[in-house]
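1. Sharing a sequence plus its predicted fold:
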Amino acid sequence: MKSSAIPLELSQIPLSVAQTLLLEPLKQHNQVTFRVLNPTTAPDLFAGETLERAGETYFHRPLRVWLDLAELLRCELELMALETDFLTLRFSQNIPTERDKTSSSNPEKYGAHTSFQRIKKLEEPYFLNDAVRALKWLELPPTARVLDLGVGSAEELHLLELAYPQHTFEVLGVDHSVSALELAKQRFPQHSFKVADINNLPADLGQFDLIISIGTFQSANIDLEPLFRRLLGHLTSSGRWLLAFPNSRYIGSKLTYGARRLNYSHPELSLLFKDVNFFKRYFQKHRYEVQITGKYYIWIAAKGIK
Ligand SMILES: C[S@@+](CC[C@H](N)C(=O)[O-])C[C@H]1O[C@@H](n2cnc3c(N)ncnc32)[C@H](O)[C@@H]1O
């Protein structure tokens, strides 16, 4: 991989022209280096507003513009040099990875030895903060029984502690992956974990104050309508829900925005919107107050109307 030698100057041309200039070197070398105005020069300007420096006109662009453009062009953004008035940036193309074609009904699709277990969701600022905010909004009682469906290796249970450091939780995590639940047990020996198919939950689960499910209910192998009818019977009268649906995809190790369908290179959100709307209506019909938030994950929180 060899970069174009001289950095392109992109601060004096409109974005539509700048992005076109990046395409050829990206095609030739898989990377391109370019110089732009340092956004700290005029932080109060809107993206695309111009300013004068030594008789020359420059476009102001915040770093977010370059991050968004890098993502659109499927590139990684690196900072190569920092001057007072300029930055040198580099876009390097992400090598596309084969989409995992393991069937969703294979219990070990997200098992302990898969790259899924390398993902640290609590290191993602939006995931962490959206989840904690949604949990706080649910106003859980000081001691609460929680059912987590598709708990995997249980990293998400740290969110309960973060949202409610003074509360006591008794959690039952369910998953069909034996190896992921082994990791979960090591992480949270105080909680219970059960190997089971979500479609076929044991009858003696008892009552819960909160049912959580993150990144699981859109799985093709889950039969939602009968599952929900049963789950309503496992909630206390003031029971709450917290569901999360991915609006993102990993390309290699990089989190990229937008739900994607097979064979779509760009985000295609119709399925996500349909599912979110389905759950919103479902909860409202059952007299819950519903809040929907999120970026890379869409969070649906529901609590009984007071
Ligand atoms: C995308 S992962 C999400 C795991 C975890 N909640 C997280 O966000 O990191 C989906 C999880 O649901 C589990 N799962 C999918 N279908 C299931 C089913 N029918 N019964 C039990 N677990 C299931 C998978 O094994 C996996 O751990």
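-> Received it, and whenever you're ready, just let me know what you need. Numbers count the residues shown, from 1 in each chain.

2. mind listing the strands for the stretch 51-200 of the chain?
-> Per DSSP state E, counting those that start in this stretch, the stretch 51-200 of the chain carries strands over the ranges 56-59, 75-82, 86-93, 143-149, 168-175, 192-195.

3. Format these as JSON lines; extra columns: mean neighbour count.
-> C-beta: built from backbone N, CA, C; applies to glycine. Converted to JSON lines, the strands of the stretch 51-200 of the chain look like this (neighbours: other CB atoms under 10 Å):
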{"stretch": "strand 56-59", "mean neighbour count": "15"}
{"stretch": "strand 75-82", "mean neighbour count": "14"}
{"stretch": "strand 86-93", "mean neighbour count": "19"}
{"stretch": "strand 143-149", "mean neighbour count": "20"}
{"stretch": "strand 168-175", "mean neighbour count": "20"}
{"stretch": "strand 192-195", "mean neighbour count": "16"}
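
4. Go through those strands and name the closest to residue 206.
-> Residue 206 lies closest to strand 143-149 among the strands of the stretch 51-200 of the chain, at 7.1 Å (CB to CB).

5. got the residues of the stretch 101-250 of the chain near the ligand?
-> The interface of the stretch 101-250 of the chain toward the ligand, taken as CB under 6 Å from any ligand atom, is made up of 110, 150-152, 156, 175-177, 180, 197-199, 214-216, 219, 221-222.

6. neighbouring contacts of stretch 167-175?
-> Surrounding stretch 167-175, the residues in contact under the criterion CB atoms under 8 Å, 6 or more residues apart in numbering are 140-152, 154, 157, 160-161, 181, 184, 188, 191-196, 198, 201, 205, 208.

7. ok, now stretch 261-275?
-> Against stretch 261-275 from outside (CB under 8 Å, 6+ apart): 99, 217, 218, 245, 247, 257, 258, 259, 260, 298.

8. and what of stretch 110-117?
-> So stretch 110-117 is in contact with 108, 109, 152, 153, 177, 178, 179, 180, 182, 183, going by CB under 8 Å, 6+ apart.

9. For burial, what's the neighbour tally of the residue nearest to residue 149 when sequence neighbours are not counted?
-> Distances taken as CB to CB, 6 or more residues apart in numbering place residue 213 nearest to residue 149, at 4.3 Å, with adjacent residues excluded. When counting by other CB atoms under 10 Å, one arrives at 24 neighbours for residue 213.

10. So which elements touch the helix or strand hosting residue 213?
-> Assessed by DSSP states H and E, residue 213 sits inside strand 208-214. Where contact means 3 or more CB pairs under 8 Å, 6 or more residues apart in numbering; DSSP states H and E, strand 208-214 is packed against strand 143-149, strand 235-246.

11. any idea how far the helix or strand just after it is from the chain center?
-> Next in sequence after strand 208-214, counting helices and strands by DSSP H and E, comes helix 224-232. When distances are taken as CA atoms, centre = their mean, to the nearest Å, helix 224-232 is centred 25 Å away from the chain's centroid.

12. contacting residues around helix 224-232?
-> Counting by CB under 8 Å, 6+ apart, 198, 199, 201, 211, 217, 282, 286 sit against helix 224-232.

13. Can you give me every residue that contacts the last one?
-> The one in question is residue 286. residue 232.

14. And the helices in the stretch 1-150 of the chain?
-> 15-29, 63-72, 125-137 (DSSP state H, counting those that start in this stretch).

15. In this structure, what helix or strand scores lowest on average pLDDT?
-> strand 248-251 (a mean of 89; mean pLDDT, DSSP states H and E).

16. by contact count, what packs against that strand?
-> strand 254-257.

17. so what secondary structure elements neighbour the strand it packs on?
-> Strand 254-257 packs on strand 248-251, going by 3+ CB pairs under 8 Å, 6+ apart.

18. And the contacts of the strand it packs on?
-> 74, 94, 96-97, 119, 255-260, 296-297.

19. can you tell me which two in those are farthest apart?
-> 96 and 297 (22.4 Å).

20. Which among the residues of the stretch 101-250 of the chain next to the ligand count as buried?
-> 110, 150-152, 156, 175-177, 180, 198, 214-216, 222 (16 or more other CB atoms under 10 Å).

21. any chance of the residues you listed in JSON lines, with pLDDT too?
-> Below are these laid out as JSON lines (pLDDT from 0 to 100):
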{"residue": "110", "pLDDT": "95"}
{"residue": "150", "pLDDT": "98"}
{"residue": "151", "pLDDT": "98"}
{"residue": "152", "pLDDT": "98"}
{"residue": "156", "pLDDT": "98"}
{"residue": "175", "pLDDT": "98"}
{"residue": "176", "pLDDT": "97"}
{"residue": "177", "pLDDT": "98"}
{"residue": "180", "pLDDT": "98"}
{"residue": "198", "pLDDT": "96"}
{"residue": "214", "pLDDT": "98"}
{"residue": "215", "pLDDT": "96"}
{"residue": "216", "pLDDT": "96"}
{"residue": "222", "pLDDT": "93"}
